[in-house]
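[1] what shape does this take:
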Amino acid sequence: MAGYTAGTSYRQEPELVCSFSQFPTALGLRPGLRELLHRKRETRPNTTYLELGTLGEYITLELLRRLDPRWNQAVPAVPAYLPRDRRGLPCGQYCGCADLLLCTEEVLAVGEAKLLCTREMPEGEEVPADYRCQMEPEMRSNHLHLSYLIVLRFAQLPSKRELKWMRQRLQEGHPVLPVGAELRVWEYRRDERFWDQFVLPGLSRFEEYRRHAARDPEFCPTKRKNHRCFDPAYRTPEEQRARAEECFTPGHSRLALVHHYYAESPLAGSVLYCDKQPTEEEEQDEQALSWNQAASAGCARLVRLLELD
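    The predicted model follows:
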């Protein structure tokens, strides 16, 4: 298929402006604009979170496959260039790769998996703006109109060693129960209003910033009026997020799945109610006790019924 490349070598191509996963940063929804403008590798501590997120993608998708058998038919996606649009955006400037392509008789869609390390699980029906900015070009580069966002969040951030162990267990076909974790899946359809009013203008502004950065190795837009890089149109990530949400079209996003992973009760399989009824004397004694004493007596009776002592 024209426009596709093999592997992840596209990330090193000099003509690449940014990949789809960098769209949220290019559009001002996440920090890191300076590094992206000057094509510098990040040296901040969040590189550890990126490594954990990469490890967690496989775990997220495997857990989803066990909940929704349709995803057993998904295949790995391949990198694709964003096609030329009516602005004359050159093919080859923007390239990226979704995690999966879901191909069934009923559904053709891209799948994007995320393991949350520091942020909270999104609430509600709407896919967050920064994820939309990545999923929109993934759909358009594959000429599809439907996508799924699969998000996993643990109760506590696991270590790299723990994630590797979970991945190995899943690869070997063993069950894995991430106690306290939550898995959510959103269905998201192309939003032309969001694309035209937020993404495309944001890319134009980003390209203008790149031209300045090519002449000035220290350039980075700012809101400080006394700074030489002052830009009155520049917005902070919080302001940009609010602007993006104003461009959402209702009905293009819905929460399709919510699953919580609970530990199996130690009483599973035990008989809590049996033929051993309390005697009349035991009931009278329990009623005559204080609240705390009655609770203790009730627990003791439960232990006797379960024959745990």
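[2] which one's the longest helix in the protein?
    Of all the segments of type helix in the chain, defined by DSSP state H, the longest one is helix 47-67.
[3] mind listing residues that contact the helix or strand following that helix?
    Along the chain past helix 47-67, the next helix or strand (assigned with DSSP states H and E) turns out to be strand 75-76. Contacts made with strand 75-76 from outside it, assessed by C-beta atoms under 8 Å, 6 or more residues apart in numbering, are listed as 99-101, 103. C-betas here are computed from N, CA, C, even on glycine.
[4] each with direction, which strands does strand 75-76 pair with?
    Note on strand 75-76: by DSSP bridges, its sheet partners are strand 100-103 (antiparallel).
[5] check which residues of the strand it pairs with are buried.
    Neighbour counts over strand 100-103 (16 or more other C-beta atoms under 10 Å) mark 100-102 as buried.
[6] just to revisit the earlier point, may I see the buried residues of the longest helix of the chain?
    49, 52-53, 55-64.
[7] same question, stretch 236-247
    Result for stretch 236-247 [16+ other C-beta under 10 Å]: buried residues 237, 240-241, 243-244, 247.
[8] what do you get for stretch 228-237?
    For stretch 228-237, the neighbour count (16+ other C-beta under 10 Å) marks 229, 231, 234-235, 237 as buried.
[9] picking up where we left off before, now do the longest helix of the chain: which elements does it pack against?
    Applying 3 or more C-beta pairs under 8 Å, 6 or more residues apart in numbering; DSSP states H and E, one finds that helix 47-67 contacts strand 108-116, strand 146-153, helix 160-171, strand 182-189.
[10] mind putting those into JSON lines with mean pLDDT?
    Formatted as JSON lines, the helices and strands packed on helix 47-67 follow (pLDDT from 0 to 100):
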{"stretch": "strand 108-116", "mean pLDDT": "94"}
{"stretch": "strand 146-153", "mean pLDDT": "96"}
{"stretch": "helix 160-171", "mean pLDDT": "91"}
{"stretch": "strand 182-189", "mean pLDDT": "96"}
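[11] let me have the ones you listed in JSON lines, extended by distance to Lys225 and mean neighbour count.
    Listed next are the helices and strands packed on helix 47-67 as JSON lines, based on distance: least, C-beta to C-beta, whole Å; neighbours: other C-beta atoms under 10 Å:
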{"stretch": "strand 108-116", "distance to Lys225": "37", "mean neighbour count": "22"}
{"stretch": "strand 146-153", "distance to Lys225": "38", "mean neighbour count": "23"}
{"stretch": "helix 160-171", "distance to Lys225": "44", "mean neighbour count": "14"}
{"stretch": "strand 182-189", "distance to Lys225": "38", "mean neighbour count": "20"}
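[12] related to what we said a few turns ago, so which of the buried residues of stretch 236-247 sits lowest on pLDDT?
    For the buried residues of stretch 236-247, the weakest pLDDT value sits at Pro237, with 92.
[13] pLDDT at the spatially closest residue to it that is not a sequence neighbour, what is it?
    In space, and not counting its chain neighbours, Pro237 is closest to Leu29: 5.7 Å by C-beta to C-beta, 6 or more residues apart in numbering. pLDDT recorded at Leu29 is 96.
[14] with the one 4 residues further on instead?
    As summarised for this prediction, Leu33 has a pLDDT of 92.
[15] kindly report the same for Tyr94.
    88.
[16] over to Ala213. Which of the three states is it?
    helix (DSSP: H, G, I helix; E, B strand; the rest coil).
[17] distance of it from Glu238?
    23 Å (C-beta to C-beta, to the nearest Å).
[18] try Arg30
    Using C-beta to C-beta, we find Arg30 at a distance of 11 Å from Glu238.
[19] leaving out sequence neighbours, find the closest residue to the residue sitting nearest the centre point of the chain.
    Nearest to the mean C-alpha position of the chain, by C-alpha atoms, centre = their mean, lies Lys114 at 3.1 Å. If you skip the residues right next to it in sequence, Lys114 has Val151 as its closest partner in space, 4.8 Å away by C-beta to C-beta, 6+ apart.
[20] over to Trp71?
    Trp71's closest residue in space is Arg65 (C-beta to C-beta, 6+ apart), at 4.6 Å.
[21] so what's the one you found up against?
    71-72, 74.
[22] what would those residues look like in JSON lines with pLDDT, neighbour count and distance to Ser19?
    Shown next, in JSON lines, are the contacts of Arg65 (pLDDT from 0 to 100; neighbours: other C-beta atoms under 10 Å; distance: C-beta to C-beta, whole Å):
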{"residue": "Trp71", "pLDDT": "93", "neighbour count": "20", "distance to Ser19": "24"}
{"residue": "Asn72", "pLDDT": "92", "neighbour count": "10", "distance to Ser19": "28"}
{"residue": "Ala74", "pLDDT": "92", "neighbour count": "22", "distance to Ser19": "21"}
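[23] and those residues as CSV, adding distance to Arg224?
    As requested, these are exported to CSV (distance: C-beta to C-beta, whole Å):
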residue, distance to Arg224
Trp71, 48
Asn72, 53
Ala74, 47
